[in-house]
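> structural data only, the sequence is not supplied:
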DNA sequence: GCAGTCATCTAACAAACGTTAGATAGATTT
DNA sequence: AAATCTATCTAACGTTTGTTAGATGACTGC
């Protein structure tokens, strides 16, 4: 049995509760007493684990990005050499959606409340965001190198378009009632071929 | 000169200020004193114009949806008879993005803070949301009737995909520095033909 | 010039906020 | 058994919250 200290256990429970409450009611809409209540301790005790409310939300943000980043990076690295653009992007899309929706309390902090946080908190998490964007740009450019990507499509534009579409699934998709894999197949198909398929001349 | 009552003028100013502050700091992160300060009156005076803070945010939500709904509906109705799917969807996408970004303080309330609002406020605005979704489904189905839409693509899935991608532009696109029309052309191209264009057999 | 409506103000309310200091009980180490 | 460390609690702090009641001065219609 691995020795998990009581503090670490409590800390994790606090973060889980905080992430879910931030998602539902926003950063300012959740008080430390709300979090403490549901995590089974008193508001003052939170300060044994975190220096401030800002530090709690910053930790939630970091965890959310890290989980998705690792999942996508690992899956793409595990592909056989020289995958087709379809295979490469379908894999990245599936992994993003799976991780994103599996840890949706944490990831939704990044989507829903990032823009409402104190500037210092935002600033601290920007590097992690930019690294994840860079990962996607690299994936898209790798697909482009295989030759079948349309030249008229800009990498950053496509990345913003695709991540926007995927991240919005947080607002309506319920993994308990729908099949994430099927969603991923449909979104990959749309991202790669669009509503119509072949463009006109 | 049309006689705009002083009350109506103040009311509009309050809504403008409230929308922008909600966007930046969330619903609970903005106090009535914050709004009153920037609108040039005292917190208590807000109650001459609105019954509660909830009513202010509900009004902001309504305005945001109504502006975009009307813009898209009007532009689609003004198209010549029997437009091609490309023309129809490109027009709808352009209008959505133009209105969405032009009134971004109001529309971002719908995207950013809707999920964090008290359930009664959410419930009151659901019908307007559903009507806008129905408008898009009608547009997509009309394109489908023209025959060139791929059968494998589901209407609701495409609508969620596309609206998600477009609405995310709120988080990064600055109309003062970029060309909304160009963004619309690129997004329409991606939505219709994807990254690759023609799907494989 | 008077009455009434309009739009705003001041001042207060109880409740809730993030945060801190110091006490406390159980576990671990000496 | 004593001393230390760990994790939590209680109780309070000053500030801010949404909201209300009643006063106030400026316009409007007569």
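Structure received. Predicted model, so just to flag it, every value in this text is computed and none were measured. Numbering: from 1, shown residues only, chains lettered A, B, ... in the order given.

> name the next helix or strand downstream of the top helix by length along chain A, please.
If you go by DSSP state H, chain A has its longest helix at helix A:119-145. Sequence-wise, the next helix or strand downstream of helix A:119-145 (DSSP states H and E) is helix A:155-168.

> which parts of chain A sit against DNA strand C?
Listed as neighbours of DNA strand C in chain A under the rule CB under 7 Å from any atom of the strand: A:30-34, A:43-44, A:46-47, A:51-54. Bear in mind the C-beta positions are built from the backbone N, C-alpha and C, glycine included.

> which single one of those is nearest to residue B:18?
Residue B:18 lies nearest to residue A:30 out of the residues of chain A next to DNA strand C, by CB to CB, at 21.0 Å.

> hang on, the earlier thing: go through the longest helix of chain A and flag the buried ones.
For helix A:119-145, a neighbour-count test (16 or more other CB atoms under 10 Å in any protein chain shown) marks A:121, A:124-125, A:128, A:132, A:135-136, A:139-140, A:142-144 as buried.

> quick revisit: most widely separated two among the residues of chain A next to DNA strand C?
A:34 and A:51 (18.8 Å).

> of the two, who's got more company?
For residue A:34 and residue A:51, the more surrounded residue by other CB atoms under 10 Å in any protein chain shown is residue A:34, and the numbers stand at 15 against 9.

> how about that one, nearest residue that isn't a chain neighbour?
Distance criterion CB to CB, 6 or more residues apart in numbering or on different chains; nearest residue to residue A:34, sequence neighbours excluded, is residue A:21 at 5.9 Å.

> just checking, the one you found touches residue A:35?
Yes: between residue A:21 and residue A:35 there is a contact at 6.2 Å, judged by CB atoms under 8 Å.

> identify the contacts common to the two.
In terms of CB atoms under 8 Å, 6 or more residues apart in numbering or on different chains, residue A:21 and residue A:35 are not both contacted by any residue.

> for residue A:151, the count of nearby residues, please.
Neighbours around residue A:151, by other CB under 10 Å: 6.

> what comes up buried for stretch A:6-13?
Buried-residue list, stretch A:6-13, by 16+ other CB under 10 Å: A:10-11, A:13.

> list of residues touching it?
With CB under 8 Å, 6+ apart as the criterion, stretch A:6-13 contacts A:39-41, A:48-50.

> about what we covered before: mean confidence score for the longest helix of chain A?
In this model, helix A:119-145 has an average pLDDT of 97.

> and it, what does it pack against?
helix A:53-77, helix A:85-102, helix A:155-168 (3 or more CB pairs under 8 Å, 6 or more residues apart in numbering or on different chains; DSSP states H and E).

> tell me where the model's unsure across chain A.
A:1-4, A:199-201 (pLDDT under 70).

> repeat that with 90
Flagging of chain A using pLDDT under 90 yields the residue ranges A:1-7, A:82, A:146-148, A:197-201.

> tell me which parts of it are close to DNA strand D?
Looking at DNA strand D, the residues of chain A close enough under CB under 7 Å from any atom of the strand are A:5-7, A:10, A:36, A:40-45, A:48-49.

> among those, which pair sits farthest apart?
A:5 and A:43 (21.6 Å).

> who has more neighbours out of these two?
residue A:43 (13 against 8).

> what about residue A:74, distance to residue A:145?
From residue A:74 over to residue A:145 the distance is 21 Å, taken as CB to CB, to the nearest Å.

> which among the residues of chain A next to DNA strand C end up buried?
A:30, A:32, A:46, A:53.

> kindly indicate which of these lies nearest DNA strand D.
residue A:46 (8.4 Å; CB to the nearest atom of the strand).

> circling back to that earlier point, how about the helices and strands packed on helix A:119-145, which one is nearest residue B:155?
helix A:155-168 (15.4 Å).

> please consider this matter closed, and thank you.
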